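Engineer: Please find the sequence and the predicted model below.
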Amino acid sequence: MRVAARASWSHSFSLVEIDLLRKGKRVFCVPEAELPWSTYQACVRRGRDAEQLEVYSMSLRKPLPTIKIPLRKKDDDIFLDLQVVLDQAYRKGRYGTTINYQRPPQPPLRLKTRNGPRRF
C-alpha cells in the first residue's frame with residue numbers, strides 16, 4: 001500500500017483508500033496524526049492535484065457514505081456507495097452465519113464518532 005501511495009504522488013495516479021477495520025494500524029498515505037479520529041475512514045487523493053485530499057470520516061451510527069472516485073482529468077468523478085458495497089460483501093461472504101452477534105464486538109465500540117467528508 002505504501003509503495004502504491006508513493007507511486008500515486010510521483011506519477012499522478014489517483015489513490016482511494018478505504019479503512020473499514022476497527023483493529024490494527026491504519027495504512028493511509030496521510031500520517032494518521034493528521035486525520036480526524038473516526039471508526040472508519042476513506043481517503044481520496046487525486047493524481048491531478050496530489051496535495052488536496054478528501055477524507056471521509058464514517059460512523060457506525062449512520063449508513064456508510066457515497067464517496068467520489070476520480071477518473072481521468074477529462075472525466076467526471078463517479079460515485080461509490082460504500083454501504084451498498086458493504087451490504088453485498090456481507091451477503092455474499094455469509095458473515096451472518098459465521099459471526100456470533102450475541103457477543104460484544106472486539107475491540108469494544110467507541111462512542112466518539114464523526115461523519116462527512118473533510119478536505120485538507
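Structural biologist: Here it is on my side, so go on.
Engineer: Next, the residue lying farthest from the centre of the chain: secondary structure please.
Structural biologist: Most distant residue from the mean C-alpha position of the chain: residue 102, 26.9 Å away (CA atoms, centre = their mean). What DSSP: H, G, I helix; E, B strand; the rest coil gives for residue 102 is coil.
Engineer: Show me where the protein has its strands.
Structural biologist: Ranges of strands in the chain, per DSSP state E, are 15-19, 40-46, 49-58, 66-69, 78-81, 116-119.
Engineer: Just the buried residues of the first one, please?
Structural biologist: Neighbour-count burial for strand 15-19 flags 15-19 (criterion: 16 or more other CB atoms under 10 Å). Glycine gets a C-beta too; all of them are placed from N, C-alpha and C.
Engineer: just curious, which of those is nearest to residue 77?
Structural biologist: For the buried residues of strand 15-19, the closest approach to residue 77 (CB to CB) belongs to residue 16, at 10.7 Å.
Engineer: ok, back up a step: deepest of the strands of the chain, which one?
Structural biologist: Comparing the strands of the chain by mean neighbour count (mean count of other CB atoms under 10 Å), strand 40-46 comes out on top with a mean of 22.
Engineer: Where does pLDDT dip in this structure?
Structural biologist: The chain contains residues with pLDDT under 70 at 1-11, 110-120.
Engineer: hang on, the earlier thing: got the strands of the chain as a markdown table, with distance to residue 89 columns?
Structural biologist: Output for these, formatted as a markdown table (distance: least, CB to CB, whole Å):
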| stretch | distance to residue 89 |
| --- | --- |
| strand 15-19 | 12 |
| strand 40-46 | 14 |
| strand 49-58 | 15 |
| strand 66-69 | 16 |
| strand 78-81 | 13 |
| strand 116-119 | 22 |
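Engineer: For residue 93, find the nearest of those strands.
Structural biologist: Closest of the strands of the chain to residue 93 is strand 15-19, at 16.1 Å (criterion: CB to CB).
Engineer: Using PDB, write out every CA atom in that closest one.
Structural biologist: What follows is strand 15-19, C-alpha atoms only, in PDB (Å, rounded to 0.1, in the frame of the first residue of the first chain):
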ATOM      1  CA  LEU A  15      -5.400   6.800  -4.900                       C
ATOM      2  CA  VAL A  16      -8.500   5.800  -3.000                       C
ATOM      3  CA  GLU A  17      -8.000   4.200   0.400                       C
ATOM      4  CA  ILE A  18     -10.900   2.700   2.400                       C
ATOM      5  CA  ASP A  19     -10.400   1.600   6.000                       C
END
